[in-house]
Structure formats: structure tokens, C-alpha cells
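# Below is the sequence, then the predicted model.
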Amino acid sequence: MNSTQQTARVGLFFLLGVALVWVTYETLSGGKIFEPRKHTIVAMFDDVRQLKTGDEVRLAGVKVGSVLRTQLAGRRAEAVLEIDPRIPIAGDATATIEMSGLISGNYVSIDMGTPGVAPLPDGAEIKTAESPDLNTLMTDLSGLGKQLQDSLGTLSSALNGSPKSGGGLIAKLDKLLSDNEGKLSATMSNLQAITEKVNHGDGTIGKLLNDPKLHDELLATVGEIRAAAAQTKELVASAQSVIDQVKSGQGAIGALVYDPKAAADIRASIADIRSVSDKLAKGEGTLGKLLNDDGLYNSAQTAIKKADRALDGLNDSGPITAVGIVANALF
């Protein structure tokens, strides 16, 4: 065997050894030798709820990593999550611990966050939110069941009661029905008689239910009420129109209410009337003297009496003599 063949065999055995070592390492490492390096984020919880290393981390339900480890951090529990670096986690995303099932373990659920928000860097802390777990739900259900049991016991005591208290509600109702059986039978008979009268059209209610004429009259009355309501609505609309015109100063009333010149004229007229009435009350002017001077009244009565005496002498005298008598009587 020459040296060349020996060298080739040594090289071949060396390559086979390297390949064997590589296959062994890949098998022992789970095939992760050529995977990209993952980055981690930290989630702080009040209670990790039996979360353990290797549990899944899901983004919108899809597995994107696993729990690297859990540990205490002061008065809270810290879960370090190993995330695939090709999957960005939004900076405002929220992590919660969810149940995989009633008998299976838990996993960490992360929501998508807001689009466009910068992703969390390696080692950053993600926001968390607490969600009820199975133990909390069972505790709440146990408390609810106890309250329901207590309520049913109270209801049962109220319904059944005790012999010392004369029985419960059911016993009292039974006694009430037994004691008033005759009255109840009479009441039912009266109700039956009333319903028979109504069915036969007797009485006011029976006529209203069975007489078509009353039904038609009732409909006609309703129609008249509707017509009256429509007329009232039109009247209100007309009144509103008049009020709007008055407010805008239109028409005589609007001018009186909103026209300053018209208001000034009315005030001046009222002042003139008041001045005239004051003068009449004081006896000023011809009309005031006629109303307040008794002498003018007496003179008028004297003149009237003289005219009466002159007219009495007209029957015995001629026209010329009569004129003279009247003139002499008056003057």
C-alpha cells in the first residue's frame, strides 16, 4: 500500500468521524444547531399559575416560542419567554396566562398589539394582564353554589315553615282556601254569570263588545276627536303665525307693541285725554262750566219755563202778536 492510498483512507475515516460526531450532536441537541438565535422578553405576573419551563408562547394562537424559566422577582413572579427573533412582538402587546384545557397545562398568550408600533427589543419587559384560572373559577362557583344552597334553604323554610309557627306559606294558603271555599265558589259563579251576560250582549260592556252600531259610533266619535285635534292644531298654528307677526312688528298690534313712534303717540294721546278730563273736573272751559256751574243750569231752567208760558199764549193771539209775546217772554 503506497502512501497516497493510506492518506486517502485516513482522510476518509476522518470525514466519517466528523460526520458521526455531527449527527450525534444534532440528535442530542434536538436539531437546533443551525437554528437562529432566539431573543427573550420578560413578563411579570402576580401568579404564574403552574407555568413551567417549556410551556408554549403563542401569538394570536400561533406558537412563536416557549417559556425559558420562571423565577421570583421581589413580590412578583417573573416568566422569561424565549421568542423566535423572526417574529416581532409589538411594544404595546399584552401577555396573559391562559389554560390549554381542563387537564392540560397553561401557556402564555400574546396579542398582536397596534400595527406600526416598534417591536420589543431583546430583554425588554412586556405588559401583562391577569385572567381567571380554573382554581379561581372553581372557588367562585363553590361560593355561588353555597349561596344558592342557602337561598334554597331559606325559600324552603318560608314555604314549609315549622309546626310551631303554624306552617309555612303553602300551609297558610291551603288553610285560606279551605276556610273560604264557599266564598270562592260564589265568586267564581258570579264571574261566570257576568261573562255569560257579556257574551250575550247584556249590560254596557256586553253592548260595547257585541253591538256593531256602538262600535261604529265609537269609531265615528274617535274620528270626530281626530278632526277636532286637527282643527286645534291648525288653530295653534294660526295663533303661532299671528304671534310671529306681532313679534316681527307686522300689523296694527305689532306696530303698537314694537313701534316706538306708535307707542309715543299713544302715550301723548293718553296724556291729552288726561289733561282734558282734569280741566273738565276743575270746571275750566265751556264744557267744564256746563258740567260744574249750577248757575247755567238754573238759567236754562228759567228760559225753558218762560218759553212754556209763551207757548201757552200762542193759541189766543195772531202770528205777529205771538212773536211779540215770545220775544217779550224771553227777553
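That came in fine, so what should we check first? Residues are numbered from 1 along each chain as shown.

# which stretches of the stretch 1-150 of the chain have low pLDDT?
Residues of the stretch 1-150 of the chain meeting the criterion pLDDT under 70: 1-2, 10, 26, 28-37, 101-104, 133-138.

# just so I have it, where are all the helices in it?
Secondary structure of the stretch 1-150 of the chain, counting by DSSP state H, counting those that start in this stretch: helices at 3-29, 134-160.

# Looking at strand pairing, list the partners for the nearest residue to residue 122 once chain neighbours are set aside.
The spatially closest residue to residue 122, leaving aside those adjacent along the chain, is residue 39, at 3.8 Å (Cβ to Cβ, 6 or more residues apart in numbering). (Glycine included, C-beta is placed from N, CA and C.) Under DSSP bridges, the beta-bridge partners of residue 39 are residue 83.

# ok, back up a step: need the helices of the stretch 1-150 of the chain in a markdown table with distance to residue 125 and mean neighbour count, can you?
Shown next, in a markdown table, are these (distance: least, Cβ to Cβ, whole Å; neighbours: other Cβ atoms under 10 Å):
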| stretch | distance to residue 125 | mean neighbour count |
| --- | --- | --- |
| helix 3-29 | 29 | 10 |
| helix 134-160 | 25 | 11 |
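
# Now do the helix or strand hosting residue 178 and helix 134-160, the angle between them.
Assigned by DSSP states H and E, residue 178 belongs to helix 169-179. Going by axes from the mean of the first three to the mean of the last three Cα atoms, to 10 degrees, helix 169-179 is angled at 30 degrees with respect to helix 134-160.

# so what does the helix or strand just after helix 169-179 touch, helix or strand wise?
Scanning forward in sequence from helix 169-179 by DSSP H and E, the next helix or strand is helix 181-200. Applying 3 or more Cβ pairs under 8 Å, 6 or more residues apart in numbering; DSSP states H and E, one finds that helix 181-200 contacts helix 203-210.

# coming back round to it: mind listing what's buried in the helix holding residue 178?
Residues of helix 169-179 classed as buried: none (neighbour count, 16 or more other Cβ atoms under 10 Å).

# Off-centre distance for that helix?
Centroid separation for helix 169-179 versus its chain: 45 Å, with Cα atoms, centre = their mean, to the nearest Å.

# could you give the angle of it to helix 181-200?
Per the same axes, to 10 degrees, the angle that helix 169-179 makes with helix 181-200 is 70 degrees.

# Alpha carbons of helix 169-179, in CSV - could you do that?
C-alpha atoms of helix 169-179 as CSV (Å, rounded to 0.1, in the frame of the first residue of the first chain):
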residue,chain,number,x,y,z
LEU,A,169,-96.7,29.8,53.1
ILE,A,170,-98.1,26.7,51.5
ALA,A,171,-99.9,25.6,54.6
LYS,A,172,-101.3,29.0,55.2
LEU,A,173,-102.5,29.2,51.6
ASP,A,174,-104.1,25.8,51.9
LYS,A,175,-105.9,26.9,55.1
LEU,A,176,-107.0,30.1,53.5
LEU,A,177,-108.5,28.2,50.5
SER,A,178,-110.2,25.7,52.8
ASP,A,179,-111.7,28.4,55.0
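
# Rounded mean pLDDT for that helix, please.
For helix 169-179, the mean pLDDT works out to 75.

# So which elements touch it?
In terms of contacts (3+ Cβ pairs under 8 Å, 6+ apart), helix 169-179 is packed against helix 134-160.

# by contact count, what packs against the helix it packs on?
Using 3+ Cβ pairs under 8 Å, 6+ apart: helix 134-160 touches helix 169-179.

# could I get the helices of the stretch 1-150 of the chain as CSV with distance to residue 99?
Compiled in CSV, those are given as follows (distance: least, Cβ to Cβ, whole Å):
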stretch, distance to residue 99
helix 3-29, 31
helix 134-160, 6
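
# wait, which of the ones you listed is closest to residue 73?
Proximity of the helices of the stretch 1-150 of the chain to residue 73 was assessed by Cβ to Cβ; the nearest stretch is helix 134-160, lying at 22.4 Å.

# what's the distance between that closest one and the middle of its chain?
35 Å.

# Check the spacing between the closest residue to residue 121 other than its chain neighbours and residue 236 real quick.
Excluding its sequence neighbours, the residue lying closest to residue 121 (Cβ to Cβ, 6+ apart) is residue 39, at 7.8 Å. Noted for residue 39: a distance of 77 Å to residue 236, by Cβ to Cβ, to the nearest Å.

# These two - which one has more neighbours?
Ranked by neighbour count (other Cβ atoms under 10 Å), residue 39 and residue 236 place residue 39 first, with 19 against 10.
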